[in-house]
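In: quick one, what's the 3D model for this:
(chains A, B, C and D)
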Number of protein chains: 4
Amino acid sequence: MPEQETMKVQNENYAQELTYALENSNFISDVGIKCKDFGPGWCESTLQIQEKHLQHTNIVHAGVLATMLDNTAGAAAFTLLPAGVSPITIEFKLNLLRPATGEIIECKSQVLKAGSKFTVVESEAFCFIGTEKKLVSKATVTIVGVS
Amino acid sequence: MPEQETMKVQNENYAQELTYALENSNFISDVGIKCKDFGPGWCESTLQIQEKHLQHTNIVHAGVLATMLDNTAGAAAFTLLPAGVSPITIEFKLNLLRPATGEIIECKSQVLKAGSKFTVVESEAFCFIGTEKKLVSKATVTIVGVS
Amino acid sequence: MPEQETMKVQNENYAQELTYALENSNFISDVGIKCKDFGPGWCESTLQIQEKHLQHTNIVHAGVLATMLDNTAGAAAFTLLPAGVSPITIEFKLNLLRPATGEIIECKSQVLKAGSKFTVVESEAFCFIGTEKKLVSKATVTIVGVS
Amino acid sequence: MPEQETMKVQNENYAQELTYALENSNFISDVGIKCKDFGPGWCESTLQIQEKHLQHTNIVHAGVLATMLDNTAGAAAFTLLPAGVSPITIEFKLNLLRPATGEIIECKSQVLKAGSKFTVVESEAFCFIGTEKKLVSKATVTIVGVS
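Out: As a prediction, this is how the structure comes out:
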């Protein structure tokens, strides 16, 4: 669905700058979300599920998923922004499809539309139930660039 | 907007059970969100902003707000559910209206519709910029009850 | 909730221009939505429910509500934009709280935040069940200005 | 993404019943949306763009897209519901990615999760700009079954 022609890199130093931004986000470090890989228009992250991520019913709190889905979307948007422009999320919506459990959450974000006014990113979070990789949550994130 | 006739308490022990649930949610304790008060169809919570809540641009991470808006909404929904039924968020959408900064975030959630099939809650998060209380984020949360 | 200081009119001809835009929107005329009143940061509209608005279960189709909630939001945003700038909806989310039935739908939209990058508007749709005015749907609409 | 194991047909007469429902929805007929094809967990529809679908800026009104995205999602959900159960949309969110113009809009809806409590469907709308098929809008729709 994403259009390849819009997935053009405008900032040749985006990789270094994104790595720096991701490593200097306190809340992301505190929660334990790690960037796995990224490229033009996409980013992947992972989270080792710990006791502290759970809610009282012993599944991962929706806030953990929201944090991961939004942050990975911002990173995907970052890869396509001009130099000196930062992504700011202005809204997002997520559906929680099934309980997030197990040992790890994997998140993949993909830019759906990159424009001069706003960027739209889709993020998906997966867990492993037995040997099966299951979609546990999906978000749509709208981002504007600010200089 | 909320209709008073739907704001009927069905579980006479809801206050104790909600207090227990809120105190036993690991992620909420870890982030530092505290319940301030609640009643039939509503809940208020507060968060002392700490270094760990920030993103690299020094404003509170959207994930912190999402966690607070969703969790407080779930608590508001809880107050109106029958005994033995737990609220599960199935989706939420939030708009980020201005940067969350300062010392404290206050959140207020109000049930908009309580039904047998689903409950819809609105949550608002406020910060204090100088002496002014400003709406920084607003969410709509859809919840189903599971037994 | 909306902040009064942001509800400043920037285009002194907004009333005439908005009236013109509303009267020249084919789909709005075709559906039958009429503007009732507007002012800085808000707009109200009405719709006489007709057979053609129904779905097979004899309630008003969600698409009718979406059209009304979005269009009235755009009009509310218009009142606060600079001259020569048009509102474009980039996303909206609506909850359907109860069936829309009866003779009339009333819609009220209120700007929640007007900014240089984007405007956020809330829209509510009401029906009359007996003598009671009931909220049947509520939307949050994000709009950008384009020149 | 959708899980094949959840795409099980429960109502062996779903095709006839869905066809009947689609042909008896006044608003859908009035707007001119036609069902193209459907199967377990999905539905496709088309719309010939007419003058009456436009807003004052001569692009298709967002309300037309919302109607199409929601209605096609409801049809996709219908294919997986038990006999005697109807899909009711409780909320949806759509992003408008680019102006809808040209001669035709094509919509494809796919169930993302079918559950006993709720169904989540994704809908995409496409236009043809020159020879290129472009995604103009995407929605996420949450549906509950009512008997």
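In: burial count for residue A:60?
Out: Neighbour count for residue A:60, taken as other CB atoms under 10 Å in any protein chain shown: 26. Where C-beta positions appear, they are placed from N, C-alpha and C, glycine not excepted.
In: longest helix of chain A?
Out: helix A:62-78 (DSSP state H).
In: wait, what's in contact with the closest residue to residue A:10 other than its chain neighbours?
Out: Closest residue to residue A:10 apart from its sequence neighbours, by CB to CB, 6 or more residues apart in numbering or on different chains: residue A:82 at 4.4 Å. For residue A:82, the contact set (CB atoms under 8 Å, 6 or more residues apart in numbering or on different chains) comprises A:10, A:11, A:145.
In: quick revisit: any part of the longest helix of chain A near chain D?
Out: No. Using CB under 8 Å from any CB of the partner chain, helix A:62-78 stays clear of chain D, with a minimum separation of 12.6 Å.
In: quick check: the gap between residue A:37 and chain C.
Out: 28 Å (CB to the nearest CB, to the nearest Å).
In: for chain A, what lies in contact range of chain C?
Out: Contact residues (CB under 8 Å from any CB) of chain A with chain C: A:90, A:91, A:93, A:117, A:118, A:120, A:140, A:142, A:144, A:146.
In: could you check the helix or strand bottoming out on mean pLDDT in chain A against chain B for contacts?
Out: Counting by mean pLDDT, DSSP states H and E, chain A has its least confident helix or strand at helix A:14-23, which shows a mean of 94. Yes. Legend: contact between helix A:14-23 and chain B by CB under 8 Å from any CB is shown at A:20, A:21, A:22.
In: likewise stretch A:51-59?
Out: Yes. Stretch A:51-59 is in contact with chain B by CB under 8 Å from any CB, via A:51, A:52, A:53, A:54, A:55, A:56, A:57.
In: related to what we said a few turns ago, in the residues of chain A next to chain C, find the pair that's most separated.
Out: A:93 and A:146 (21.3 Å; CB to CB).
In: flag the shaky bits of chain A, pLDDT-wise.
Out: Scanning chain A for pLDDT under 70 picks out A:1-6.
In: all strands of it, in order?
Out: Secondary structure of chain A (DSSP state E): strands at A:34-39, A:42-48, A:86-96, A:104-114, A:119-129, A:132-146.
In: what's the closest of the ones you listed to residue D:32?
Out: Going by CB to CB, the one of these nearest residue D:32 is strand A:104-114, 26.7 Å.
In: could you please name the strands the closest one pairs with and the direction of each pair?
Out: strand A:42-48 (antiparallel), strand A:119-129 (antiparallel) (DSSP bridges).
In: tell me the buried residues in it?
Out: By neighbour count on 16 or more other CB atoms under 10 Å in any protein chain shown, the buried set for strand A:104-114 is A:105, A:106, A:107, A:108, A:109, A:110, A:111, A:112, A:113, A:114.
In: now, which of these sits nearest residue A:36?
Out: Nearest member of the buried residues of strand A:104-114 to residue A:36, counting by CB to CB, is residue A:106, at 7.7 Å.
In: dump the residues of helix A:14-23 next to chain B to TSV, plus neighbour count and distance to residue C:136.
Out: Shown next, in TSV, are those (neighbours: other CB atoms under 10 Å in any protein chain shown; distance: CB to CB, whole Å):
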residue	neighbour count	distance to residue C:136
A:20	12	49
A:21	19	43
A:22	23	43
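In: which elements pack onto the least confident helix or strand of chain A?
Out: strand A:34-39, helix A:62-78 (3 or more CB pairs under 8 Å, 6 or more residues apart in numbering or on different chains; DSSP states H and E).
In: try 7 Å this time
Out: Where contact means 3 or more CB pairs under 7 Å, 6 or more residues apart in numbering or on different chains; DSSP states H and E, helix A:14-23 is packed against helix A:62-78.
In: which ones are touching the residue nearest to the spatial centre of chain A?
Out: In chain A, the C-alpha nearest the mean C-alpha coordinate belongs to residue A:72, at 1.6 Å (CA atoms, centre = their mean). Listed by CB atoms under 7 Å, 6 or more residues apart in numbering or on different chains, the contact set of residue A:72 reads A:43, A:45, A:107, A:109, A:123.
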